[in-house]
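Colleague: Just the structure for this:
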Amino acid sequence: MPNSDNTYGTYNKQTKIIGQPYDGSTALTTFADVAAAQAFFFTDAALTVMDETCTVLEWALVEDERGDKTSLKTTFAFGTKGNSDIAEADDWAAQYNTRKTALIDAGTWTKVVCTFTDSSDHLV
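Modeller: Okay, the predicted model is just below:
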């Protein structure tokens, strides 16, 4: 569950569509629900980082051109701790970036090779 630190608003809203590379030779995995897609693409550690650092975090399945739900969409944004004594590196967006980078560097952000596409069509 995302943090509730929205007293000072939310910032840095982004939407990403996470997809499976398709070369025409293999079948894509079709997902029954968001939880199945999350478990397919992301490690538990990655999902924990998102849950702990994002203030806004919404997920939805995305249909491909055949109508199969083969991609995952997420919209996320960050609140701020709002305390002038907090170093920028300790605020939510910076924690997200630092922890995400550490997992990527360790090869433990995603479970499979996937694509990330920016979208301006936010879920919230």
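
Colleague: mean confidence for the host helix or strand of Asn97?
Modeller: For Asn97, the host element (DSSP states H and E) is helix 92-105. Taken as a whole, helix 92-105 has a mean pLDDT of 96.

Colleague: Quick one: residues in contact with that helix.
Modeller: Under the criterion Cβ atoms under 8 Å, 6 or more residues apart in numbering, residues 3, 5, 11-12, 43, 45-46, 49-50, 52-55, 78-81, 88-89, 109 lie in contact with helix 92-105. The way it works is simple: take the backbone N, C-alpha and C, and place the C-beta from them, glycine included.

Colleague: Would you mark the buried spots in it?
Modeller: Trp92, Ala93, Gln95, Tyr96, Arg99, Lys100, Leu103 (16 or more other Cβ atoms under 10 Å).

Colleague: Any idea which residue is closest to the centre of this protein?
Modeller: Thr74 (5.4 Å; Cα atoms, centre = their mean).

Colleague: picking up where we left off before, reformat the buried residues of helix 92-105 as a markdown table; add distance to Gly67.
Modeller: Formatted as a markdown table, the buried residues of helix 92-105 follow (distance: Cβ to Cβ, whole Å):
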| residue | distance to Gly67 |
| --- | --- |
| Trp92 | 37 |
| Ala93 | 36 |
| Gln95 | 38 |
| Tyr96 | 33 |
| Arg99 | 36 |
| Lys100 | 32 |
| Leu103 | 33 |
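
Colleague: Fine by me, we can end here.
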